[in-house]
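> Task: produce atomic coordinates for the following.
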Amino acid sequence: MKANTHFAFFDEGSKKEIRRATLKAVAIPGYQVPFASREMPIARGWGTGGLQLTLSLIGKTDVLKVIDQGADESVNAVSIKKLVQETTGVEVTEQTEKADLIQSRHRIPEVPLTKDQILVLQVPMPEPLRPVEAREYMTKRMHSEDDYSGAWLMLFEQIMKYGKTATAADHPVYVNGRYVMAPSPIPRFDNPKMHQSEALILLGAGREKKIYAVPPYTDVASLAFEDYPFQIESFEGIQCYLCGAQDVFMDELVDQETGQTTHQCNDTSFCMEQLNNNKKAEVESAYA
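As a prediction, this is how the structure comes out:
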């Protein structure tokens, strides 16, 4: 840790203010709590909301994992890890099971999270009603009156135009039967992971100055009509060309020379762990 920097970058007063907002968010699942978003040494829009949550919560004995769209080694993930590690000295890991605190952009890890873990999601746009209402005071009123007709109309228009809902990511969810919430731009595949999650899920939007949360064991339901039920991306019959995994979120890879299509696990640490397990199994069977 750098000698001229507070532990975890922030002064204690800043941490307390963010923690108070976080506690309120946990107490009212899905409700967007305003907070005094701080200036950060990274640009707004690059994960400042999630980073502020991480820096306000992390302790000296915690183990940190940071992923960006499933990858531990992307520029965004590496930069955030470097900042947190240089101002705290905490251990970092790429293994989901070993992490106490996981900060993520656009994905929820494939490995099921536990009650001893906290997932922090970076959020660019926390207001699910923004596509239908630009005025902040009106969206606040709509939330207070439980008026989500605009969100339903948005989905209905997609069905009329495309024959199905066309939200590839950030599909709105009902939290605890009360608030409609933007789950961050995670794929539809990850929405069900929020329902009755053992881990605490925190969502931070630095540019929009909002914090909200899904406490453990909370009901989360993706918005859908009875005759047009919510459906996740299907990878039926597809397996990862590296580790052979199935029933996980896949990236489609196209060879520019041959045009051949292959698939690989989007969660790179999960893929590497599966690959290592396969190799161990091969060695054990060879000596059996």
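> if I look at R207, how far off is G49?
To G49, R207 is 7 Å away according to CB to CB, to the nearest Å. (C-beta placed from N, C-alpha, C; glycine too.)
> now F9
With CB to CB as the criterion, F9 and G49 are 14 Å apart.
> who has more neighbours, the two?
Set F9 next to G49 and count neighbours by other CB atoms under 10 Å: G49 wins out with 30 against 22.
> Report the contact partners of the spatially closest residue to the more buried one that is not a sequence neighbour.
Of all residues not flanking G49 in the chain, G204 sits nearest, at 3.1 Å (CB to CB, 6 or more residues apart in numbering). Applying CB atoms under 8 Å, 6 or more residues apart in numbering to G204 gives the contacts T48, G49, G50, L51, Q52, L53, V120, L121, Q122, V123, K210, I211.
> So which of those wins on neighbours?
I211 (32 neighbours).
> then whatever helix or strand that one lives in to CSV, C-alphas only?
Secondary structure assignment for I211, by DSSP states H and E: strand 210-214. Extracted C-alpha coordinates of strand 210-214, given in CSV (Å, rounded to 0.1, in the frame of the first residue of the first chain):
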residue,chain,number,x,y,z
LYS,A,210,-27.0,5.7,-7.4
ILE,A,211,-26.5,2.6,-5.3
TYR,A,212,-29.1,-0.3,-5.1
ALA,A,213,-29.0,-3.9,-3.9
VAL,A,214,-30.5,-7.4,-4.0
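> and the helix or strand just after that strand, what other elements does it pack with?
Sequence order places strand 220-222 as the next helix or strand after strand 210-214, per DSSP H and E. Counting by 3 or more CB pairs under 8 Å, 6 or more residues apart in numbering; DSSP states H and E, the packing neighbours recorded for strand 220-222 are strand 173-175, helix 191-194.
> So which bits of stretch 238-248 are buried?
I238, Q239, C240, L242, C243, A245, V248 (16 or more other CB atoms under 10 Å).
> With stretch 210-224 instead?
Taking 16+ other CB under 10 Å as the criterion, stretch 210-224 shows K210, I211, Y212, A213, V214, P215, P216, T218, V220, S222, L223 as buried.
> Tell me where the protein has strands.
Taking DSSP state E, the strands of the chain run over residues 33-34, 63-68, 91-92, 101-105, 118-122, 173-175, 179-181, 200-205, 210-214, 220-222, 250-254, 261-265.
> packing partners for the fourth one?
Here strand 101-105 touches helix 48-57, strand 63-68, helix 75-88, strand 118-122, going by 3+ CB pairs under 8 Å, 6+ apart.
> Same list (these) but as TSV, adding distance to D255 and mean pLDDT.
Output for the helices and strands packed on strand 101-105, formatted as TSV (distance: least, CB to CB, whole Å; pLDDT from 0 to 100):
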stretch	distance to D255	mean pLDDT
helix 48-57	35	96
strand 63-68	25	96
helix 75-88	25	93
strand 118-122	32	98
